[in-house]
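A.B. asks: With the sequence up front, the predicted model follows.
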Amino acid sequence: MYELKTKETDNSVIEFIENVDNPKKREDAYKLLDVFTETTGFPAKMWGPSIIGFGSYHYKYASGHEGDAPIVGFSPRKAKISLYLTSTEDVREKLLNDLGKHTSGKMCVYVNKVADIDVEVLKEFIVETVKFVNKTYPDNF
């Protein structure tokens, strides 16, 4: 059976951030920690070795694959900062258009630094993600 690699851990979020090599990325990680904590109201938790997640939900796909994941999160990676955000396609497209300099994948938004994006739009994106996950997986809330 498939074993999820990214699980919530008891590792220290602050210790993880303190070990980010790049001082600017470390500073941005603290900014994002504040933004995500204030916007969601959830405490920050480590998910796997490198994702800082907020809240959690249990998902189950039609295929039978299921697991737990953070509702929103971020990771200050070496190349870029990964933001884990999602929503309906139309809301996501509008928010991405207003966010600022970024690239994106299906569930991730990648930014070089917090100064490249509009933090107010990021907050809106976080709120929309929480709403989307709540609507998609209502048994978790």
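C.D. replies: That came in fine, so what should we check first?

A.B. asks: dump the residue contacts of Asn112.
C.D. replies: Contacts were defined as C-beta atoms under 8 Å, 6 or more residues apart in numbering; by that measure Asn112 touches 80-81, 101. Using the backbone N, CA and C atoms, a C-beta is placed for each residue, glycine as well.

A.B. asks: Tell me the spacing between it and Thr40.
C.D. replies: Using C-beta to C-beta, to the nearest Å, one obtains 23 Å as the distance from Asn112 to Thr40.

A.B. asks: ditto for Lys25
C.D. replies: Distance check for Lys25 against Thr40: by C-beta to C-beta, it reads 21 Å.

A.B. asks: Compare those two and say which is more crowded by neighbours.
C.D. replies: When Lys25 and Thr40 are compared for neighbours, Thr40 comes out ahead with 21 against 18, by other C-beta atoms under 10 Å.

A.B. asks: Isn't the more buried one up against Val72?
C.D. replies: Yes. In terms of C-beta atoms under 8 Å, Thr40 counts as a neighbour of Val72; the distance is 6.3 Å.

A.B. asks: next one: phi and psi at the closest residue to Ile117 other than its chain neighbours?
C.D. replies: For Ile117, ignoring the flanking residues on the chain, the nearest one in space by C-beta to C-beta, 6 or more residues apart in numbering is Gly100 at 3.8 Å. The phi and psi torsions at Gly100 (degrees, to the nearest 10) take the values phi 120, psi -160.
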